[in-house]
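**Q** return atomic coordinates for the entry below.
(chains A, B, C, D and E)
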Amino acid sequence: MVKTPATPDSMPEEAAATSDLFSAQSHPVGAAAGIELQDLARHPTRKGSVLVSCIDYDADNLLVQEINDLPEFIERHRPEWSKVRWINVRGLGDMQVIHAVAEKYELHPLAIEDVLAGQQRPKVDDYRGSGEHPGRLFVVAKTVRSTRHRVTNKQVSFFLGRNTLLTFQDSPQDLFEPVRRRIESPGSRVRTNDVSFLLYVLLDYIVDQFFPLLEEYAGRIERLERSVLTQPDRATLQNIHQIKRDLLMIRRVAWPMRELIRELTRDHHECLSADATTYLRDVYDHMLVIFELLQSYHDFVSTLTETYMSTVSNRMNEIMKTLTIISTIFVPLTFLAGVYGMNMPIPENQFAWAYPVFWIIALAMTLTMLRWFKTKGWF
Amino acid sequence: MVKTPATPDSMPEEAAATSDLFSAQSHPVGAAAGIELQDLARHPTRKGSVLVSCIDYDADNLLVQEINDLPEFIERHRPEWSKVRWINVRGLGDMQVIHAVAEKYELHPLAIEDVLAGQQRPKVDDYRGSGEHPGRLFVVAKTVRSTRHRVTNKQVSFFLGRNTLLTFQDSPQDLFEPVRRRIESPGSRVRTNDVSFLLYVLLDYIVDQFFPLLEEYAGRIERLERSVLTQPDRATLQNIHQIKRDLLMIRRVAWPMRELIRELTRDHHECLSADATTYLRDVYDHMLVIFELLQSYHDFVSTLTETYMSTVSNRMNEIMKTLTIISTIFVPLTFLAGVYGMNMPIPENQFAWAYPVFWIIALAMTLTMLRWFKTKGWF
Amino acid sequence: MVKTPATPDSMPEEAAATSDLFSAQSHPVGAAAGIELQDLARHPTRKGSVLVSCIDYDADNLLVQEINDLPEFIERHRPEWSKVRWINVRGLGDMQVIHAVAEKYELHPLAIEDVLAGQQRPKVDDYRGSGEHPGRLFVVAKTVRSTRHRVTNKQVSFFLGRNTLLTFQDSPQDLFEPVRRRIESPGSRVRTNDVSFLLYVLLDYIVDQFFPLLEEYAGRIERLERSVLTQPDRATLQNIHQIKRDLLMIRRVAWPMRELIRELTRDHHECLSADATTYLRDVYDHMLVIFELLQSYHDFVSTLTETYMSTVSNRMNEIMKTLTIISTIFVPLTFLAGVYGMNMPIPENQFAWAYPVFWIIALAMTLTMLRWFKTKGWF
Amino acid sequence: MVKTPATPDSMPEEAAATSDLFSAQSHPVGAAAGIELQDLARHPTRKGSVLVSCIDYDADNLLVQEINDLPEFIERHRPEWSKVRWINVRGLGDMQVIHAVAEKYELHPLAIEDVLAGQQRPKVDDYRGSGEHPGRLFVVAKTVRSTRHRVTNKQVSFFLGRNTLLTFQDSPQDLFEPVRRRIESPGSRVRTNDVSFLLYVLLDYIVDQFFPLLEEYAGRIERLERSVLTQPDRATLQNIHQIKRDLLMIRRVAWPMRELIRELTRDHHECLSADATTYLRDVYDHMLVIFELLQSYHDFVSTLTETYMSTVSNRMNEIMKTLTIISTIFVPLTFLAGVYGMNMPIPENQFAWAYPVFWIIALAMTLTMLRWFKTKGWF
Amino acid sequence: MVKTPATPDSMPEEAAATSDLFSAQSHPVGAAAGIELQDLARHPTRKGSVLVSCIDYDADNLLVQEINDLPEFIERHRPEWSKVRWINVRGLGDMQVIHAVAEKYELHPLAIEDVLAGQQRPKVDDYRGSGEHPGRLFVVAKTVRSTRHRVTNKQVSFFLGRNTLLTFQDSPQDLFEPVRRRIESPGSRVRTNDVSFLLYVLLDYIVDQFFPLLEEYAGRIERLERSVLTQPDRATLQNIHQIKRDLLMIRRVAWPMRELIRELTRDHHECLSADATTYLRDVYDHMLVIFELLQSYHDFVSTLTETYMSTVSNRMNEIMKTLTIISTIFVPLTFLAGVYGMNMPIPENQFAWAYPVFWIIALAMTLTMLRWFKTKGWF
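**A** Residues are numbered from 1 along each chain as shown, chains lettered A, B, ... in the order given. This next block holds a predicted model:
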């Protein structure tokens, strides 16, 4: 699978990082919210930029298809044995594909907009069944990754029906490869469960992505601590700043992800089986751990900043002490030498013993000063 | 449309910005709260400073009128096909117009005061129907804009009835031009829905105004970060201060706006259709995003302040090191030179080799010092 | 009316301000809480220090009396047309008056103590009707004023019955003059409503007192901002400190006031009419605005403190740069001059070109240094 | 009554203060929680270190006894007229006394442990009546005192039954002397009420102890403020630190005390009469005031710390300015003087006018510098 | 019992400390959550690394067994008199043992994974009884210890059934030795109670472990305070940093432990007897004390940091004052001496009185300066 240049992955790095933390939505002000089916045509489209795959399975059977002729696929009925159908849409560039899927599964205009906008806040919306739209659970989730010391995130949208799960990813790259492989192994727990269990598995997979990221930051923070305690410099400061920034960004994704999972475990939805809910509680535990780790990291980096500042102040003190000691000793002596360098008639300058006496006085003054500094605990 | 000089838009800039953040209400202490109809006459009035327009529509018909003869208009009945009537009052200077509208739609005295006071906190009040007053939902919202690096806000008030929406803006400038154009396009979703959907569309429009503002601040914060990390100076400091101040101000508007939208989606009101409530949930999602962005910006600017302070401390260290190195090397040497400049009989001064030896000692001392500084990690 | 010297108004200013922020209650440790009727006699009393006025009204009639002969007044029956009776007790020095009123209206001992103690926390107590005591709503409120840059507060206590409102103020000065005038104007809304509406009007009046105070602080904070950004000095620092202190104090009053009003609007009390509750919601809105303003002021003053500290650090940097630049240039040169001032045989001193060469070297060193400082961005 | 040396009162002061803030419980790890009656014997005991007094009263009768022969006392029946019996145990050293009381009143093992451990968190436990133990309300409270600038606290435990109140204090000193005197005065409110009213009176007394303490800290904070604003030095810093520490400690006691009182007023207990609950609401108001005062003090001391730091920074600036001004003026001049002190052939040194010209140049340079400093606002 | 080298106890110290604070879970991304019985075999296993002991008891009988032949043990029935069976599994290296126990007691796959993962967040999961799994209460707790100034924690997992308690510890070392001894003493309260009381006893024991740890930190903080107030240096700073870090870590364990205990006391579970719940309330009180102590320590260390920074600033001021005083006195004098050392014709140099006059002037200048410094309060 070729990585198409239009995916966020290949955006210039700095811009990508910034847009994650800072950028607001691109919804044009004053436009109608929600995208009606007939309006999809007006969106810019790129033929062939969307990959659609479909997996049907029950405990005993499995059918994996890469869909090329979507209209034909939509007209066909699903196999009778198919207990779970998972349609995975990767890439959102071809509006005809989106239109076909949205029409077939009667997706709500607001949900379609959220799928396409791509910078949605993780959330769960319950579109209850009614005449116009069938009942769907709409979930927007986000994965977080660190590429070359930059944190980026990707949106994945889910539509959960009674037997069907639709997923939309904004890049053709397949995030869920490992899950697919688990489905393909017969007898795995996912094969014997219903479609909401598949949703759980995918969310669990997304949440698990946080752990290697946190592990990476744990390492960076630890190296930072060593550098703060031993040899703090400008680079240390910039690293602290960078990590604070990244943690803010990760938290911005983790917070609504946590809320999302909690909502799924708390409220009862018709499409969620009891078993899936039990397992989602486990995902929620993971989110709690992630959140507490983020909090710990954040608190610890704050502590590091304070320690950094104190260390810098300490060093300043040390520097100033050196200067003050040197000056306090030599400035008066220099004055004394200056006095005896004056060209006026100075009685002392007549005597041969003047010079050794001068040195004795100089030494005595120096020693007095040094003792005084010692008393004050300056060294 | 000419911009009248009395609108807040044309207030001296600094004063305007200040009054937004700081100013308390202008309600005279000890006066009765609420403005009775008969008291409106006593308020200062300016003829002709109010523009009233009326739009009637259903899915098939549309009538847009600019009202010049208000009394005549109020006596006329609305067209029979009119499913939704939107009366938009722009400018609040002419008390006779306000009186006529308030009398016709039997507005509550407290609500009239809130409309005219103009510095109200965004809120929703449910005036339930009773003998004296018909049931109305009263909503006060605020738009935020940045003009020449100053944040200003404007109040818009809504009275929602069963088929009628009244809006009051404090300047004759039309904020809702784009919405008007959407109503004029036949077949748009707003045309096929009821009057509470129109309220949703207007609130959605107001909330969307936050995004370009946030986008602007995202850009400024990012430029600020670059300047903090590379070349922090006084202007950087003043910029940080300015942005902190503006974020405080935007948050002061965003917070009650969020509460307002949440109240509309949570509590059920007789005038709000189920469809409008569904779409308002989407507006609430936007408000959540806005709020989290504001929070992120705020946290990040705090981080920037800390980094700024640390950078300044670092620079101070660097400056002091330079001074201390120079002083520590030359102050003792100067003393030594002073000694041999004394006019007393100094044996060393007799010898020709004294001068080169002096230089050798000076060089040796300098090198020793430099090595010592190196050990301490000073450069 | 002459201002009696014993009122808090005339307390030495500094002491008053301090006691507001810091002082704890004067209730003697170990004494019984609550003041029984028979114990009132034991409290220190000052004849004639209490002014009692009584206003009876309905929509059509009005009777205003200044009560001199309280026992006689208490025995008389109220006029039959009197829908609302408001007894306003100003000054709390004469225990016989307090006793007479407390006995007549069967006030609870704890409430009497709260009235007399005078440093009570704003609160609402619901003394439900029972055999011994009739049902009363007891409200303690506080007004805040700024006199000569000092914030002071005064306590007002209310007993609301079904047709009667008792108010107690601790100074003979009449706080409620403007409200009285509103009652006297026939046809005003207060005249056509019941006694709980009168309570609302008085509370609204008290809450409105916050606004000019906040307006004053808004002005001071703004002047402070200008001085922080342009010319921060010691006075600036003391002003920041003063305003922080005052805001703490105002918040200490505003917080329980807000709770008090909320409780009145939330819980249903038999003595509160629905209309009064609706209008109290408006007062609650005002309290919310006041509270958010206080919060904004507080946050902004914190921001100012940070900016102040940063500015001071910046200035320090500038000062140190000047010192370092001067020292770095001249200290080595002074050393060089010192060398050629030595009285030992120095070959260079023989030659006529030595002097101009010395100057050339000095200039070259200076220029090199300056260029180096430029590279470092020091000026 | 002689103060026995083993009471916490006479502990070495510093240790006492520390243990209050820092020390954790002395419950041995791994031992069973709760102390069974039969295990009491194994605790270290000191004969005669416990004083037990008993007061029986109703509105008309009163009997005060100091119990010396506890077993005999326990066997006797209480007088028939006795409506309330208050047994006050002072000192916890004699295990046989504790055993006798605990057995007679069937106290719960966990409660006995809490009484003896002495460093319990203030709390209320409701031991509901059952076969083994009669229903009791168990309350642990703490008093706070300041002795020679050290904050110490003492634990008082209460067991409230239907007609009997048991109190345990850890020192033989009688904390409740003033309450006892109030009981002895006939006709006092406490005499006409039931046993739960006595609990209220004692708790009220304990809570009132906070006020003189807070008053003392108010005075210290105020003196501190004056010293921060006028002449901050090291002692100021140590005082700020000390007060922060003490406030932390007082808050650690006040917080659970507040929770305790709230629980007593909120939850209904069979042993608490309605009247006592009404009066406890008054105590809760006091605790709220105490808590808000503590919060105010804490916030204000934080403000003082900031002001202190800013003042110190300001002073540093002033010091550095002095140094820089002096150096900037004299360092270049000293160089110039050094130049003309060189022993090389210098043309200017030939002329008689050289000396006055030198002084003119020196003065001109000085004036230029001073003007430049003035421009920069340095003085 | 030999300590096996693979237990966390023997990990390199620094690594262990780090992993506690920072490390995220080791669950491989993309793997299925939960460990099915049949998958246990695939986990790495180490024969003989698990010790299993079983204690059966009621009030009168007791049977303690170290299980060597697990399969045989599992097949046997428990003694008829056995009211409580406690199976304690120490070490988690031998998968066949885990498998046997898990199969016998039908443990949930998610719970098995939590037991083995070993870095689980303390929590309680209620696996309600159903066809597949019998009802179990699953509790994960953590103990905290400090070894050689490093804080480490260990996980203990509990499965509570109706008559059976399973505990899993990750090291063969027996944490619960003292509890075992208490069970062995006949007539102890634990012997007369049911299995949930045993759970309480073990949790109480774990919670009690916090107290010596806190006591240790109390001592360290106190020593730190002394050093901050008298002689702050770099080591002080590193100690503050270290303690902050450790408190963060302890809090990360204490927080979910508190939640866990609260959940056990609040929600009613079929396996928890009323008596155990009463006693767990006591454990919860302990956790509250622990938490408030941690909070106090944290607040106090923050206060220490501030005091440290202020002390450092104060010292800097003192240092700079010294430098400035010395420089301000001698720099002008040195200039003056330099002037009279110039080799140009200087009239003053002719006169014999010039030298004493020079010294008089020097002294006068010095005294003036010193007086000026005194005025400024510099010493």
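**Q** for the residue nearest in space to the middle of chain A, helix, strand, or coil?
**A** Computing the C-alpha centroid of chain A and ranking residues by Cα atoms, centre = their mean puts A:Ile250 first, at 3.0 Å. Under DSSP: H, G, I helix; E, B strand; the rest coil, the three-state class of A:Ile250 is helix.
**Q** quick check, it in contact with A:Val151.
**A** Yes - counting by Cβ atoms under 8 Å, A:Ile250 does reach A:Val151; the two are 6.1 Å apart. For every residue, glycine as well, the C-beta is placed using N, CA and C.
**Q** and A:Val52, that's in a helix?
**A** No - read with three-state DSSP, A:Val52 is strand and lies in no helix.
**Q** quick one, what contacts it?
**A** Shown here is A:Val52, whose contacts under the criterion Cβ atoms under 8 Å, 6 or more residues apart in numbering or on different chains are A:66-67, A:70, A:73, A:87-90, A:97, A:101.
**Q** confirm A:Thr152 sits in a helix?
**A** No - secondary structure of A:Thr152, determined by three-state DSSP: strand, with no helix assignment.
**Q** quick one: it from B:Glu225, how far?
**A** Shown here: A:Thr152 relative to B:Glu225, a distance of 18 Å by Cβ to Cβ, to the nearest Å.
**Q** and for A:Leu229?
**A** Distance check for A:Leu229 against B:Glu225: by Cβ to Cβ, it reads 26 Å.
**Q** for the stretch 101-250 of chain A, which residues are neighbours of chain E?
**A** By Cβ under 8 Å from any Cβ of the partner chain, the residues of the stretch 101-250 of chain A that approach chain E are A:178-179, A:182, A:188-190, A:201, A:204-205, A:208-212, A:214-215, A:218, A:221-222, A:229.
**Q** coming back round to it: show me the contacts of A:Val52 that map onto strands.
**A** Cross-referencing the contacts of A:Val52 with the strands (criterion: DSSP state E) gives A:66-67, A:87-90 as the overlap.
**Q** quick one on the thing from earlier: which pLDDT value goes with the residue nearest to the centre of chain A?
**A** A:Ile250 is assigned a predicted lDDT (pLDDT) of 91.
**Q** circling back to that earlier point, just the buried members of the contacts of A:Val52?
**A** Neighbour-count burial (16 or more other Cβ atoms under 10 Å in any protein chain shown) applied to the contacts of A:Val52 gives A:67, A:70, A:87-90, A:97, A:101.
**Q** residues near whatever residue of the stretch 201-350 of chain A ends up closest to chain B, how many?
**A** Ranked by Cβ to the nearest Cβ, the top residue of the stretch 201-350 of chain A for proximity to chain B is A:Ala337, at 3.2 Å. Counted with other Cβ atoms under 10 Å in any protein chain shown, the neighbours of A:Ala337 add up to 25.
**Q** how far away from the center of its chain is whatever helix or strand it lives in?
**A** Applying DSSP states H and E as the criterion places A:Ala337 in helix A:274-340. Mean C-alpha position of helix A:274-340 versus that of the full chain (Cα atoms, centre = their mean, to the nearest Å) differs by 24 Å.
**Q** repeat that for stretch A:181-196.
**A** Going by Cα atoms, centre = their mean, the spacing between the C-alpha centre of stretch A:181-196 and its chain's C-alpha centre is 30 Å.
**Q** repeat that for stretch A:146-159.
**A** Centre-to-centre, stretch A:146-159 and its host chain are 8 Å apart (Cα atoms, centre = their mean).
**Q** same check, this time on stretch A:136-147
**A** A distance of 12 Å separates the C-alpha centroid of stretch A:136-147 from that of its chain, computed with Cα atoms, centre = their mean.
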